[in-house]
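Enquirer: no sequence on this one, just coordinates:
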């Protein structure tokens, strides 16, 4: 039986020690770097999760803000500092055609818009007389109500049209109605221009 010599055993031991040193100097740092990278990846994933949550919260806040803005636009109107009568007439004008027989728009002299005349708000009374279909009259009223400026509907009179030769002939089926619409267009300044007023004030007389 062959026994390894002391020299061979010494060389084997030195080889094992050298291998251990190689493992210690090369493999161990690589394992530490892998652990550090794993920890860094975990932190990055956590930050990504926080960023995603922040984006979701931002989108929800943006949607709530847009919804609030839309709701405010539906109930608030702008009071211009100066009355743009041409724009007002253009908004109220309708084109004569198959659904509109005639229309007359007249504007009166400005009057105080509130009992406290010192506030500086003025109201221009506007009267619209129109012979048209009912839908056309309602469309005109809707345009006035939905205008960005504060235009208040004060009085609306609608009656069915009759034959020109016999105004008492109510059995005649006419597609037209005669309407008289009285409006107030508000303008002026109190504490500053472009004041926002509640659309609920549309139904209040000056």
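Expert: Received the coordinates, thanks. Being a predicted model, the structure only gives us computed values, none of them experimental.

Enquirer: low-scoring stretches of this protein, by residue?
Expert: 1-6, 8-13, 16, 19-28, 74, 116-119, 162-173, 190-206 (pLDDT under 70).

Enquirer: Show the backbone phi and psi for residue 82.
Expert: Per-residue torsions, residue 82: phi -130, psi 140 (degrees, to the nearest 10).

Enquirer: thought it was touching residue 187?
Expert: Yes - using CB atoms under 8 Å, residue 82 is in contact with residue 187, at 6.4 Å. Where you see a C-beta, it was placed from the backbone N, CA and C, and this is true even at glycine.

Enquirer: Which one's more surrounded, those two?
Expert: residue 187 (23 against 9; other CB atoms under 10 Å).

Enquirer: Okay, now the sheet partners of the helix or strand that contains that one, with direction.
Expert: Using DSSP states H and E, residue 187 sits within strand 176-188. Strand 176-188 has the following strand partners under DSSP bridges: strand 121-133 (antiparallel), strand 151-160 (antiparallel).

Enquirer: residues of that strand that come out buried?
Expert: 176-179, 181-188 (16 or more other CB atoms under 10 Å).

Enquirer: ok, of those residues, which one's closest to residue 159?
Expert: residue 178 (5.3 Å; CB to CB).

Enquirer: Tell me the bridge partners for that closest one.
Expert: The partner residues for residue 178, given DSSP bridges, come to residue 131, residue 159.

Enquirer: who's in contact with it?
Expert: Residue 178 is in contact with 129-131, 158-161, counting by CB atoms under 8 Å, 6 or more residues apart in numbering.

Enquirer: next one: stretch 95-115 to chain centre, how far?
Expert: 30 Å (CA atoms, centre = their mean, to the nearest Å).

Enquirer: repeat for stretch 66-83
Expert: 10 Å.

Enquirer: got it, and stretch 57-65?
Expert: 12 Å.

Enquirer: Taking the centroid of the protein, which residue is nearest it?
Expert: In the chain, the C-alpha nearest the mean C-alpha coordinate belongs to residue 70, at 3.7 Å (CA atoms, centre = their mean).

Enquirer: So it versus residue 135, what's the distance?
Expert: Shown here: residue 70 relative to residue 135, a distance of 26 Å by CB to CB, to the nearest Å.

Enquirer: Over to residue 60?
Expert: 40 Å.

Enquirer: on that earlier part again, could you dump the buried residues of strand 176-188 into TSV with distance to residue 88 added?
Expert: Below are the buried residues of strand 176-188 laid out as TSV (distance: CB to CB, whole Å):
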residue	distance to residue 88
176	25
177	23
178	22
179	18
181	13
182	14
183	9
184	11
185	5
186	11
187	10
188	14
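
Enquirer: ok, those residues vs residue 120, which is closest?
Expert: Nearest to residue 120 out of the buried residues of strand 176-188 is residue 188 (CB to CB; 4.7 Å).
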